[in-house]
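J.: I'd like to go over a predicted model; first the sequence, then the structure.
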Amino acid sequence: MTNPNAVISDTQSAIAMAITGGVNNSSLFSPSIANSPYNINLFSRNKFPKSIENGGMAKNVAWVDAMRASSPTRNHSEDGEEKKGWMVKHPSALGVFEEIMSAAKMKQVVIFLDYDGTLSPIVENPEQAYMAPEMREAVKNVAKYFPTAIVSGRCRAKVYNFVRLSELYYAGSHGMDIKGPSSRKHQKGNQNVLCQPAKEFLPMMTEVHEILLEKIKGIDGASVENNKFCLSVHFRCVEEENWGDLADRVKGVLKDYPKLRLTQGRKVLEIRPTIKWDKGKAIEFLLESLGYGNSKDVLPIYIGDDRTDEDAFKVLRKRGQGFGILVSKIPKETQAVYSLQEPSEVMYFLQRLVAWKRAVARNH
Ligand SMILES: O=P(O)(O)OC[C@H]1O[C@H](O[C@H]2O[C@H](CO)[C@@H](O)[C@H](O)[C@H]2O)[C@H](O)[C@@H](O)[C@@H]1O
């Protein structure tokens, strides 16, 4: 039987190597991935195949491997032995719901939700990643009882347009653009919250966006999404044989911008400032803004599906407070405690949370 962690570790090694172009430079990565106790071996040079270190074509192969690994397709690991072992380590948040709720007793639950792949299903066209009306209703109800934030790689305005709930906090651009609720309708929100730690990068991001639009011309299916403080180069609709070419073009542009770094999400290359800010920092900022910076009476729950959500899971582990929940059908190395299979399970979890809160209120 293959160890699921070993499988994912090798994959992540390839990603690490590809992104650094063969140099083990952890500063190019989000600190949580580079320093994760689970990933301690990921960045050891000994683990990298020689062919990847040779440069030229070999490097290109590593890039393509990394890009393939960024959103593994469904296979036997969805229901095989690997999956069972992984589920023991990361049980379903629905299966252990009562356990989670007993940890929540007498505490303020704060909910953090990623958007793509968590509240909306992954689709080919990023402009059409709509949220189901029932999901919106579930999030709306959750926000009546618990401070709730959407934490997304998308630009804040765009993710707001998808979610359309003014009573929530929104952290767009992977947490680099945070704003409090614009309406006080349901929750005790702090409307004055505003945090934009990468503001000075705005002109650079606009410039690189323009350059990338030109550079990727001719690669069928490739697109660049301007997420304000970061950019997404999508390759979900690009033929695999062209992935290496696309990666080379993006890397070529970034050579002139040492203050930008490259990370990967689900079939997407993400370009972002090298500042030490990520979704983990964003949730720390939000907890502080809500008055729970040093509180023991808070239970943050973060639900997300992607690599960038690991930064938030890591923060919760470090605080020893609350839980990360990874949305995934396949085993992945993660700092999340629990798992959910897909957005429909996220919705059910949120609905149960509301039902639990209402029952607690009735009994008091
Ligand atoms: O942090 P998130 O809210 O999960 O945002 C991460 C990226 O999500 C979007 O891309 C992903 O979803 C698309 C729609 O389902 C899909 O086509 C794409 O392949 C995925 O990577 C979004 O378009 C990106 O800008 C976000 O950075």
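T.: Cool, the structure landed.

J.: The residue in the chain that the ligand sits nearest to: what's it in contact with?
T.: Relative to the ligand, the nearest point of the chain is Gly153 (2.7 Å; Cβ to the nearest ligand atom). Backbone N, C-alpha and C define where each C-beta goes, glycine included. By Cβ atoms under 8 Å, 6 or more residues apart in numbering, the contact set of Gly153 is Asp116, Ser173, His174, Asn227, Cys230, Ser232, Gly265, Glu270, Asp306, Thr308.

J.: Okay, and which of those map to strands?
T.: Ser232, Gly265, Glu270 (DSSP state E).

J.: now check the helix or strand containing Ile283, is it near the ligand?
T.: Secondary structure from DSSP states H and E places Ile283 in helix 279-289. No: using Cβ under 6 Å from any ligand atom, helix 279-289 never reaches the ligand; the gap is at least 7.5 Å.

J.: got the buried residues for that helix?
T.: Neighbour-count burial for helix 279-289 flags Lys279, Gly280, Lys281, Ala282, Ile283, Glu284, Phe285, Leu286, Leu287, Ser289 (criterion: 16 or more other Cβ atoms under 10 Å).

J.: Counting by contacts, list what it packs against.
T.: strand 108-113, strand 148-151, strand 169-172, strand 177-179, strand 298-304, helix 310-319 (3 or more Cβ pairs under 8 Å, 6 or more residues apart in numbering; DSSP states H and E).

J.: okay if I get the ones you listed as TSV plus distance to the ligand, mean neighbour count and mean pLDDT?
T.: Converted to TSV, the helices and strands packed on helix 279-289 look like this (distance: least, Cβ to the nearest ligand atom, whole Å; neighbours: other Cβ atoms under 10 Å; pLDDT from 0 to 100):
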stretch	distance to the ligand	mean neighbour count	mean pLDDT
strand 108-113	9	22	98
strand 148-151	7	27	98
strand 169-172	9	26	98
strand 177-179	12	23	96
strand 298-304	7	26	98
helix 310-319	10	22	97
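
J.: Adding distance to Ser328 as columns, could you present the ones you listed in TSV?
T.: Shown next, in TSV, are these (distance: least, Cβ to Cβ, whole Å):
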stretch	distance to Ser328
strand 108-113	15
strand 148-151	17
strand 169-172	21
strand 177-179	26
strand 298-304	10
helix 310-319	12
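
J.: Compare the ones you listed and give me the one nearest Ala361.
T.: strand 108-113 (13.2 Å; Cβ to Cβ).

J.: Tell me how far that closest one lies from the chain's centre.
T.: 16 Å (Cα atoms, centre = their mean, to the nearest Å).

J.: just checking, what packs against that strand?
T.: Applying 3+ Cβ pairs under 8 Å, 6+ apart, we find strand 108-113 packed against helix 133-145, strand 148-151, helix 279-289, strand 298-304, helix 343-362.

J.: quick one: strands adjacent to the second one?
T.: Yep, that's strand 148-151 we're talking about. strand 108-113 (parallel), strand 169-172 (parallel) (DSSP bridges).

J.: and the ligand, which of the contacts of Gly153 reach it?
T.: Of those, the ones that also sit near the ligand (Cβ under 6 Å from any ligand atom) are Asp116, Asn227, Ser232, Gly265, Glu270, Asp306, Thr308.

J.: Pick out whichever of those sits closest to Gln108.
T.: Closest to Gln108, out of all of the ones next to the ligand among the contacts of Gly153 and judged by Cβ to Cβ, is Thr308, at 25.4 Å.

J.: correct me, but the closest one touches Gly265?
T.: Yes: between Thr308 and Gly265 a contact is recorded at 6.3 Å, counting by Cβ atoms under 8 Å.

J.: So what does the nearest residue to His90 once chain neighbours are set aside look like in phi/psi?
T.: Excluding its sequence neighbours, the residue lying closest to His90 (Cβ to Cβ, 6 or more residues apart in numbering) is Ser339, at 4.3 Å. Ser339 adopts backbone torsions of phi -140, psi 160, taken as degrees, to the nearest 10.
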